[in-house]
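[1] Structure for the following, please:
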Amino acid sequence: MLKSRWFEVVCFAVAFVIVHAVLWWLTSVTANLPLGDVTITYRRWIETGLHAHSWVGIDSDWVYPIVAIVPMAAAALGGVAAIGTGWLLLMVLLDAVACWFLWRFRALGVRVVWWWLVFLLALGPIGLGRIDTVATAVALVGVAYVASRPAVASAVFTVAAWIKVWPAALVGVLLVLRRGHRRGVLTGALTVTALVVLVDVLFGGAAHLLSFVGQQSGRALQIEAPLATPFMWVAAAHVPGAAVFYDTEILTFEVSGTGTHLAAAVSTPLMALVVLAGFGLAVWAVARGAKRAEVAPVLALLLVAALVATNKVGSPQYIGWFAVPIVWGLVAGRGSARRFLPVAVLALPMAFLTQLIYPAYYDQVLTVQPWILVVLTVRNVLEVVILVWAVVLVVRLGLGAERSRDTDGRPTVAEGRMDA
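    Next comes the predicted model:
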């Protein structure tokens, strides 16, 4: 038994090294600068801080929460010129730490970390080349504590949210669905936030602490966003006024044309509506007897899918967010793992299509070539399919629990325990 365990550890370690070596190699040989954000943008921010003593998020407004500067600065410890190498080393280390925390969890007899490794390979170099990698790895560590220590999970999710905002939704899931642990969940989140605010204020960044909140408000539709897909096809048809352009302020490619401004304006309220509806459905399902531990990862998936599918920003690294709720669902028990198996499988081609879009053939996306627009459309449809799947599953959990109550006349022992 001991030999077989060591053999499994060695096999996974070898696979981990191979996958990350391939991803590292792809960052250097693939077209369209998959590590460009690190070697150009992150590097410029750190150089400005070191040489001009003007730090983004502290001395000026910034697009990211303030803790995001920490891994960027850490990657430059070996010299700003070598920030690319430092970044990749740091990402590999963070992924290894996340795997170490998740190693004990299995889904249907298979360790869940194997799925994540395959998902990273499918996603490609973008899985290492953005700040989202840090937030995702940290959030995966939080998943390891959801069932046993929700206060710790909340604190870890909050750390991730101060790197990239989206993990705040995971804290919301715990607040809504861990009824007997809400004080601990709230304490964990507020403690981390208080520490972040205190350090930021001591460094003189109070005026810019929340500047990231409004940084995305004025932008148009990014070309990869699901809401932009119809307009990309219009641009491919050479309709006057419809075109891809580069926003020099936001530093991203967007699409113009009739209706794009309206779609961009609708995006935020649509996102808010879907998120609120998701919370409402989860509360409804639990009120009818659905197990909180089973509803929680589905709600997390629904929220992440909503943040991606209704977003006017469609950055390829957003697909990496799906790993967190999917892993959560796979580790939440045999029943949950069975329910999440289809979406875990579906996420793999979605990730691979994303790699084709960026970085592999991004130049052809920019010139709206029809074949790559088909790839983009299919990928975006999969995002919406996962969102719809999560909504349907929450409803089914609620209806199934209600039928069970009608049959038995009382809640099960497991339901009572999960409500504690």
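
[2] what about the stretch 151-300 of the chain, any weak spots by pLDDT?
    216-218 (pLDDT under 70).

[3] the longest helix in the protein is where?
    Looking across the chain with DSSP state H, the single longest helix is helix 370-408.

[4] now it: mean pLDDT?
    Mean per-residue pLDDT for helix 370-408: 90.

[5] how about the nearest residue to the residue most central in space within the chain, chain neighbours excluded?
    In the chain, the centroid-proximal residue (Cα atoms, centre = their mean) is residue 321; its distance is 1.9 Å. Sequence neighbours aside, residue 304 is the residue nearest to residue 321 in space, at 5.1 Å (criterion: Cβ to Cβ, 6 or more residues apart in numbering). For every residue, glycine as well, the C-beta is placed using N, CA and C.

[6] State the number of residues packed around that neighbour.
    Applying other Cβ atoms under 10 Å, we find 25 residues neighbouring residue 304.

[7] After whatever helix or strand it lives in, which helix or strand is next?
    In this assignment (DSSP states H and E), residue 304 forms part of helix 292-309. Where DSSP H and E defines the elements, the next helix or strand beyond helix 292-309 is helix 323-331.

[8] Send over that following helix as CSV, restricted to the C-alpha atoms.
    C-alpha atoms of helix 323-331 as CSV (Å, rounded to 0.1, in the frame of the first residue of the first chain):
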residue,chain,number,x,y,z
ALA,A,323,-11.5,25.5,-12.2
VAL,A,324,-12.3,26.7,-8.7
PRO,A,325,-16.1,25.9,-8.6
ILE,A,326,-15.6,22.7,-10.6
VAL,A,327,-13.0,21.4,-8.1
TRP,A,328,-15.3,22.5,-5.3
GLY,A,329,-18.1,20.4,-6.8
LEU,A,330,-15.9,17.4,-7.4
VAL,A,331,-14.7,17.4,-3.8
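
[9] Keeping just the C-alphas, turn the following helix or strand past it into PDB.
    Sequence-wise, the next helix or strand downstream of helix 323-331 (DSSP H and E) is helix 334-355. Extracted in PDB, the C-alpha atoms of helix 334-355 (Å, rounded to 0.1, in the frame of the first residue of the first chain):
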ATOM      1  CA  ARG A 334     -19.900  11.400  -4.300                       C
ATOM      2  CA  GLY A 335     -23.300  12.800  -5.300                       C
ATOM      3  CA  SER A 336     -21.900  16.200  -6.100                       C
ATOM      4  CA  ALA A 337     -19.000  14.700  -8.000                       C
ATOM      5  CA  ARG A 338     -21.400  12.800 -10.200                       C
ATOM      6  CA  ARG A 339     -23.400  15.900 -10.900                       C
ATOM      7  CA  PHE A 340     -20.200  17.900 -11.700                       C
ATOM      8  CA  LEU A 341     -18.600  15.300 -13.900                       C
ATOM      9  CA  PRO A 342     -20.400  16.500 -17.100                       C
ATOM     10  CA  VAL A 343     -19.300  20.100 -16.600                       C
ATOM     11  CA  ALA A 344     -15.800  19.000 -15.600                       C
ATOM     12  CA  VAL A 345     -15.600  17.200 -19.000                       C
ATOM     13  CA  LEU A 346     -17.200  20.100 -20.900                       C
ATOM     14  CA  ALA A 347     -14.700  22.600 -19.400                       C
ATOM     15  CA  LEU A 348     -11.700  20.800 -21.100                       C
ATOM     16  CA  PRO A 349     -12.700  21.600 -24.700                       C
ATOM     17  CA  MET A 350     -13.800  25.000 -23.600                       C
ATOM     18  CA  ALA A 351     -10.300  25.600 -22.200                       C
ATOM     19  CA  PHE A 352      -8.600  24.200 -25.300                       C
ATOM     20  CA  LEU A 353     -10.700  26.400 -27.600                       C
ATOM     21  CA  THR A 354      -9.600  29.300 -25.500                       C
ATOM     22  CA  GLN A 355      -6.000  28.400 -26.200                       C
END
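
[10] what angle do helix 334-355 and helix 292-309 make?
    10 degrees (axes from the mean of the first three to the mean of the last three Cα atoms, to 10 degrees).

[11] Can you mark which positions in helix 334-355 are buried?
    Residues 336-337, 339-341, 343-344, 346-347, 350-355 are the ones in helix 334-355 that count as buried (16 or more other Cβ atoms under 10 Å).

[12] what ranges do the helices span in the stretch 51-200 of the chain?
    69-75, 83-102, 112-123, 132-143, 150-161, 168-177, 182-202 (DSSP state H, counting those that start in this stretch).

[13] Next, the angle from the third one to helix 132-143.
    When you say that, I think you mean helix 112-123. 160 degrees.

[14] Make residue 1 into 339 and carry on from there
    Let's use 339 as the start, then, which means that last one is helix 450-461.

[15] Taking helix 661-669 as reference, get the angle to helix 450-461.
    Helix 450-461 runs at 150 degrees relative to helix 661-669, counting by the same axes, to 10 degrees.

[16] tell me what helix 450-461 is packed against?
    Helices and strands touching helix 450-461, by 3 or more Cβ pairs under 8 Å, 6 or more residues apart in numbering; DSSP states H and E, are helix 340-367, helix 421-440, helix 661-669, helix 672-693.

[17] who does the longest helix of the chain touch, helix- and strand-wise?
    Packing partners of helix 708-746 (3+ Cβ pairs under 8 Å, 6+ apart): helix 567-574, helix 598-625, helix 630-647, helix 672-693, helix 700-704.
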